[in-house]
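> Sequence first, predicted model second:
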Amino acid sequence: MTFLAFSTEVVDLSDHVGDPLALLLEISVGGGTDIARAMQVARGRVRVPSRTMVVLISDFEEGGSPANLVAHVGALHDSGVKLLGCAALDDTGVARYNVAIAGQVAAAGMAVSALSPTQLARWVAEQVNR
């Protein structure tokens, strides 16, 4: 399993994944957001697309190029990678995300939803079992 976190840089936390949900709840990333770069790095890690799932948790506020983000999502989708996008939640549990960018990546092949961490874990499990 590969676990990447990103802001203005992409950081590989794969060596720290014992419990992905716990790690997700522990990390805090803020500041600039280059989602396209994170998707580019993820794309470079794919070895068997039909057995790969990329889960993106984001506010979809692209600090880089939205066109590059959509291109990477489209290429991953076209290769057979399953793509799940989860909108970021604020401290009160309300989804806060750029609807336009989320719509663009959805149109390029990423399933997008707004879920709590527990709901996200269930959604991922459902997708894995399909």
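Yes, it's here.
> Output the below-cut-off pLDDT ranges for this structure.
Along the chain, the parts satisfying pLDDT under 70 run over 1-9, 11, 13-14, 16-32.
> for it, what's the longest helix?
Secondary structure of the chain per DSSP state H: the longest helix is helix 66-79.
> Can you tell me the closest non-neighbouring residue to the most centrally placed residue in the chain?
By CA atoms, centre = their mean, the chain has its centre lying nearest to L56, at 0.7 Å. Closest residue to L56 apart from its sequence neighbours, by CB to CB, 6 or more residues apart in numbering: G85 at 4.7 Å. Any C-beta I mention is one placed from the backbone N, CA and C, and that applies to glycine too.
> hey, what's the one you found bridged with?
L56, V112 (DSSP bridges).
> correct me, but it touches M110?
Yes. With contact defined as CB atoms under 8 Å, G85 reaches M110; the gap is 4.6 Å.
> Give me the common contacts of these two.
By CB atoms under 8 Å, 6 or more residues apart in numbering, G85 and M110 have these common neighbours: L56.
> quick one: contacts of the host helix or strand of A100?
According to DSSP states H and E, A100 maps onto helix 99-107. Residues outside helix 99-107 that contact it (CB under 8 Å, 6+ apart): 56, 60-62, 66, 69-70, 73, 83, 85, 87, 112.
> among these, which two are most distant?
E61 and L83 (18.3 Å; CB to CB).
> Which one of the two is surrounded by more residues?
The residue with more neighbours, out of E61 and L83, is L83; 24 against 13, by other CB atoms under 10 Å.
> Check the spacing between the nearest residue to the more buried one once chain neighbours are set aside and D15 real quick.
Once flanking residues are discounted, L83 sits nearest to M110: 3.9 Å by CB to CB, 6+ apart. As judged by CB to CB, to the nearest Å, M110 and D15 stand 27 Å apart.
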